[in-house]
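S.K.: A structural model of the following input is requested.
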Amino acid sequence: MLHWNEYLQLSAGLISVVNPIGVIPTFIALTENRPALERKHIAFICAASVATVLLFALVVGEPILHLLGISLASFRVAGGILVLLMGISMMYATHDRSRHTPEELAESYERDSVAVVPLAIPLLSGPGAISTIIVYAHSQQSWSHYLLVTAVIFSVASLVLAVLLTAPKIAGVMGHTGMNVVTRVMGLLLASIAVEFIAKGLQALFPGLCGI
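M.R.: A predicted model of the protein is given here:
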C-alpha cells in the first residue's frame, strides 16, 4: 500500500488537475439564464459525472493498458507529460485545448443540459484527471488501496459540488484576479507532481539511470 503522504499527494494532484475553481467562470456563463434550482441540479449532475468518469478510469484503466500492450511505466511518462503541459498552461493562465475547445463551448449553449458536457467532460474530468487516477490506482494491487483511491475520488467530487453550488459567491469574493492566482498555484503544484510521474516512469523504463 502507498504511504499516507502519497494519498495526500494524489488528493492534491487530483484537485489541481480537476481545478474546480478554474471552471467557475464557465459554469456561471453556461447557467446564468437558468433558475437557481436548475443550477443546483446541474451542479449535482456534474459532480456525479466527475465521480463516475474517475471511477471508470480506476476500474478499467489497467485492463485497457494491458489490452493495448502499454506498460504502466510508459503510461506514467506519457501521462506525466500531459499533466505537465496542463500545469504549465495553468501557470500562464491560458486555455487548455485538451480540456475543451471553442467549438464544444459554443455547442454547449444550445444543449438542454451542460452538466455532463462540457462541464464534467472534458473540463473537470479530462485526460489529465483520468491519467492521474490510472497512474496512482495501479501502483498497488489491494482492496484497501482501491478503497482509499475511491475515497479520494468521492472527496474531489464533493469538493466540485461545493464549489459549483457556491460559484457566484466565490467569484464575487475572489474576482477574476483571485481565481487566476489560485489557478497558477495549482498549476505549479501540478507541474511538480507531473515531474515525479515522469521521473518514476523513466526510472522503471531505464533502470540504469538510477546509477547515473
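
S.K.: Every contact and neighbour count from this point should use C-alpha atoms.
M.R.: Fine.

S.K.: Now do stretch 64-77, average pLDDT.
M.R.: Mean pLDDT, computed over stretch 64-77, is 88.

S.K.: how about that stretch: buried residues?
M.R.: Buried residues in stretch 64-77, counting neighbours by 16 or more other CA atoms under 10 Å, are found at 72-77.

S.K.: Equivalent analysis for stretch 146-161, please.
M.R.: So stretch 146-161, judged by 16+ other CA under 10 Å, has buried residues 146, 148-150, 152-154, 156-161.

S.K.: Let me have the residues you listed in TSV, extended by secondary structure and distance to Ala29.
M.R.: Below are the buried residues of stretch 146-161 laid out as TSV (DSSP: H, G, I helix; E, B strand; the rest coil; distance: CA to CA, whole Å):
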residue	secondary structure	distance to Ala29
Tyr146	helix	36
Leu148	helix	35
Val149	helix	32
Thr150	helix	31
Val152	helix	29
Ile153	helix	26
Phe154	helix	26
Val156	helix	23
Ala157	helix	21
Ser158	helix	22
Leu159	helix	20
Val160	helix	17
Leu161	helix	17
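
S.K.: What is the burial count for the residue nearest to Tyr146 when sequence neighbours are not counted?
M.R.: Sequence neighbours aside, Ala137 is the residue nearest to Tyr146 in space, at 6.7 Å (criterion: CA to CA, 6 or more residues apart in numbering). Per other CA atoms under 10 Å, the neighbour tally for Ala137 reads 24.

S.K.: cool, Val53 as well?
M.R.: 18.

S.K.: from what I can see it touches Pro127, true?
M.R.: No. Counting by CA atoms under 8 Å, Val53 does not reach Pro127; the two are 10.5 Å apart.

S.K.: Select the longest helix from this structure.
M.R.: In the chain, taking DSSP state H as the definition, the longest helix is helix 167-205.

S.K.: Which neighbouring elements make contact with that helix?
M.R.: When contacts are defined as 3 or more CA pairs under 8 Å, 6 or more residues apart in numbering; DSSP states H and E, helix 167-205 packs onto helix 4-18, helix 24-31, helix 72-91.

S.K.: looking at those helices, which is buried most?
M.R.: Highest mean neighbour count among those (mean count of other CA atoms under 10 Å): helix 72-91, with a mean of 22.

S.K.: Please give the centre-to-centre distance between that one and its chain.
M.R.: Helix 72-91 has its C-alpha centroid displaced from the chain centroid by 12 Å (CA atoms, centre = their mean, to the nearest Å).

S.K.: Provide the angle between the direction of it and the direction of helix 167-205.
M.R.: On the basis of axes from the mean of the first three to the mean of the last three CA atoms, to 10 degrees, helix 72-91 is oriented at 140 degrees to helix 167-205.
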